[in-house]
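[1] I would like the atomic coordinates for the input below:
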Amino acid sequence: MSTVAEAAAARAAADAEKNDSLQPVTFAKALTTAMADAMREDDTVVVFGEDVAKLGGVFRITDGLMAEFGEKRCFDTPLAESGIVGMALGMAMNGLRPIVEMQFDAFAYPAFEQIASHVAKMHNRTRGRVRLPMVIRVPYAGGIGGVEHHCDSSEAYYAHTPGLKVFTPATVSDAYRLLREAIASDDPVVFMEPKKLYWSKDAVDLAALRAGFQGGALDRAEGKAVVARPGTDATLIAYGPAVPPALAAAEAAAEEGRSVEVIDLRTIVPFDDETVAASVRKTGRAVVVAEAQSFASVASEIVARVQERCFHSLAAPVRRVAGFDIPFPPPKLEHWYLPSVDRILDALDTLQWED
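    Predicted structure coming up:
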């Protein structure tokens, strides 16, 4: 066989091996794998919360962790969110890396005093002498037919609290890498998990992600938004559960002859002004898409930041497509409440297009 043929055969074999390694993985599985990998590499990582051990969590995100690591490293707690976070705070101050689950978004509110008064302030209070390497996992947002207290979008509370990082992945690969980065962080991270994405799938190589994280080959995702879809005519800025409808709206807009770029923030705090501003300066138009109520929201902050940094590049005011300023509605009405493709396209239509 010639050298050229041998090289071609080698490339074909490598491509085949790569394709074989790409398997459909759910968002939930990526999160479970991230915690398991962190626990194998570092015996100071512990997982606890309501029903996370024997049951594996309401959404089975911690399924199998107690079986592999034992009840001292993955255990159930009483139904007392303030106590869960308070215990994690003490553990983090004393050399452990706790990961706690709040089970549902609105169930975390009893723990908010601990989070805002102590978790967020400890670094500043001690002038950096005490670090808190802890992760507070919060399944959040709608799209699952849940009821009040089960579908809140509470990210603004945490983003408004100095001292907290706020992560929210929208893809399977980011679910893994962002959770690994959160666990490795020496500062507290509120990790917002879009519930409706738990069962979404993508072809990813978890082994490659694991090796890349361990070897430092993966670029850090923290504070780095990504262009989920390139475009030239307008920018959709989204995060977490709002990314899929934003992508679907961009696809629909393309059928109408408009090229729409989609930015996936990945982390709300820290916020990537550079990527967002670069996109808006290029397109001249922007719509922020988020599930949370629009008043005094993360979406409001994004609009302000874009207007301040990109004012002279804008062809029209920045728009928002968000939840309405009401408590989360009953299941039969949530499709009216959540940002939809039609609502996003309607917002794009208002951006003073030249015919």
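
[2] Show the average pLDDT along the host helix or strand of Ala34.
    Per DSSP states H and E, Ala34 falls inside helix 27-41. Averaging the model's pLDDT scores along helix 27-41 yields 97.

[3] Give me the contact list for it.
    45-47, 59-65, 68-69, 73-74, 97, 99, 169, 171-173, 175-177, 179-180, 183-184, 193, 197-201, 204, 206, 210, 213-214 (CB atoms under 8 Å, 6 or more residues apart in numbering). In short, each C-beta sits where N, CA and C put it, glycine included.

[4] Restricted to helices, list those.
    If you go by DSSP state H, these have 65, 68-69, 172-173, 175-177, 179-180, 183-184, 206, 210, 213-214 in helices.

[5] List buried residues within these.
    For the ones in helices among the contacts of helix 27-41, a neighbour count by 16 or more other CB atoms under 10 Å gives the buried set as 65, 69, 172-173, 175-177, 179-180, 183-184, 206, 210, 213.

[6] Could you single out the nearest of those to Tyr158?
    Nearest to Tyr158 among these, counting by CB to CB, is Leu179 at 16.1 Å.

[7] shaky segments in the stretch 51-200 of the chain?
    Within the stretch 51-200 of the chain, not a single segment meets pLDDT under 70.

[8] Break the chain into its domains for me.
    Recorded structural domains for the chain (assignment: automatic domain parsing) are 10-215, 226-349.

[9] which pair in the ones in helices among the contacts of helix 27-41 spans the largest distance?
    Spatial extent of the ones in helices among the contacts of helix 27-41 (CB to CB) is set by the pair Phe69 and Ser173 at 24.2 Å.

[10] what sits against Ala296?
    So Ala296 contacts Ala156 (CB under 8 Å, 6+ apart).

[11] Using the three-state scheme, assign it.
    Per DSSP: H, G, I helix; E, B strand; the rest coil, the local secondary structure of Ala296 is coil.

[12] cool, and Ala316?
    Per three-state DSSP, Ala316 ends up coil.

[13] and the gap between it and Asp349?
    11 Å (CB to CB, to the nearest Å).

[14] Likewise for Gln103?
    40 Å.

[15] so what pLDDT did Gly216 get?
    For Gly216, pLDDT reads 82.

[16] How about Asp219?
    Confidence for Asp219, expressed as pLDDT, is 86.

[17] Around it, count how many other residues there are.
    Counted with other CB atoms under 10 Å, residues neighbouring Asp219 total 9.

[18] Can you classify the closest residue to His149 other than its chain neighbours as helix, strand or coil?
    In this structure, His149 finds its nearest non-sequential neighbour in Ala106, 4.1 Å apart by CB to CB, 6 or more residues apart in numbering. State at Ala106, reduced to three classes by three-state DSSP: helix.

[19] Pull the number of nearby residues for Ala106.
    Neighbour tally, Ala106, other CB under 10 Å: 20.

[20] the strands in the stretch 201-350 of the chain, which residues?
    201-204, 226-229, 234-238, 260-264, 267-269, 286-293, 319-323 (DSSP state E, counting those that start in this stretch).

[21] how distant is the fifth one from the center of its chain?
    The chain centre lies 8 Å from the centre of strand 267-269; the measure is CA atoms, centre = their mean, to the nearest Å.

[22] Can you name the residues in contact with it?
    So strand 267-269 is contacted by 155, 158-159, 164-168, 178, 192, 221-225, 239, 298 (CB under 8 Å, 6+ apart).

[23] Select only the buried ones of these in ChimeraX?
    Burial among the contacts of strand 267-269 is assessed by 16+ other CB under 10 Å; the matching ChimeraX selection reads:
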select :155,158,159,164,165,166,167,168,178,192,221,222,223,225,239,298
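
[24] Which members of the contacts of strand 267-269 occur in helices, if any?
    Short answer: these in helices (DSSP H) are 155, 158-159, 178, 298.

[25] Now flag whichever of those is closest to Leu333.
    Glu155 (21.9 Å).

[26] From Gly215, how far out is the closest one?
    32 Å.

[27] would you list the strands of the stretch 201-350 of the chain in TSV and tack on mean pLDDT, distance to Cys151 and mean neighbour count?
    As requested, these are exported to TSV (pLDDT from 0 to 100; distance: least, CB to CB, whole Å; neighbours: other CB atoms under 10 Å):
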stretch	mean pLDDT	distance to Cys151	mean neighbour count
strand 201-204	95	22	16
strand 226-229	98	24	18
strand 234-238	98	18	29
strand 260-264	98	21	25
strand 267-269	98	19	23
strand 286-293	98	9	27
strand 319-323	98	10	23
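
[28] of all those, which lies closest to Ile144?
    strand 286-293 (12.0 Å).

[29] Hey, what's the angle from the closest one to strand 319-323? Just curious.
    20 degrees (axes from the mean of the first three to the mean of the last three CA atoms, to 10 degrees).

[30] tell me what strand 286-293 is packed against?
    strand 234-238, helix 243-255, helix 298-310, strand 319-323, helix 341-349 (3 or more CB pairs under 8 Å, 6 or more residues apart in numbering; DSSP states H and E).

[31] So which of those is the most surrounded?
    strand 234-238 (a mean of 29; mean count of other CB atoms under 10 Å).

[32] which residues touch that strand?
    Contacts for strand 234-238 (CB under 8 Å, 6+ apart): 170, 245-246, 249-250, 253, 258-265, 276, 279-280, 282-290, 302, 306, 344, 348, 351.

[33] 6 Å - rerun?
    246, 260-263, 276, 279-280, 283, 285-289, 302, 348 (CB atoms under 6 Å, 6 or more residues apart in numbering).

[34] Equivalent analysis for stretch 65-78, please.
    Contact with stretch 65-78 is made by 39, 46-49, 53, 84, as judged by CB under 6 Å, 6+ apart.
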